[in-house]
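Asker: what would the 3D arrangement of this be:
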Amino acid sequence: MKTENIIIIHPQTDEQVNVIKAFMNALKIKFEISKKNPYNDDFVSKIKKSKEEFENGDFTRVDKNDLKNFLGLE
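Answerer: Residues are numbered from 1 along each chain as shown. Presented below is the predicted three-dimensional model:
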């Protein structure tokens, strides 16, 4: 039976990669390993910077009732 399902996993260690490869081989499931990051480097750096700013308290909190005014929609 052919399926179009795609499963993406994110192993954290080489041991996990080896276990997953052995499991897939044991079940005779075709798989490929890509070391390429699917995200644009500029995008990743912006997200990391934003996370650091938030952790440092550099953010603006907006009350839900003031959201439209904050966004200039009123």
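
Asker: so which residues of this protein form helices?
Answerer: Using DSSP state H, the helices found in the chain span residues 14-26, 41-55, 67-70.

Asker: low pLDDT regions in this protein?
Answerer: 1 (pLDDT under 70).

Asker: and of the helices of the chain, who's closest to Ile8?
Answerer: helix 14-26 (11.8 Å; C-beta to C-beta). (Glycine included, C-beta is placed from N, CA and C.)

Asker: got a list of contacts for that closest one?
Answerer: 9, 11, 30-31, 33 (C-beta atoms under 8 Å, 6 or more residues apart in numbering).

Asker: would you turn the helices of the chain into CSV with distance to Glu4 and mean neighbour count?
Answerer: Listed next are those as CSV, based on distance: least, C-beta to C-beta, whole Å; neighbours: other C-beta atoms under 10 Å:
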stretch, distance to Glu4, mean neighbour count
helix 14-26, 17, 11
helix 41-55, 27, 10
helix 67-70, 40, 11
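
Asker: now those helices in CSV, with distance to Asn5?
Answerer: Shown next, in CSV, are the helices of the chain (distance: least, C-beta to C-beta, whole Å):
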stretch, distance to Asn5
helix 14-26, 14
helix 41-55, 27
helix 67-70, 39
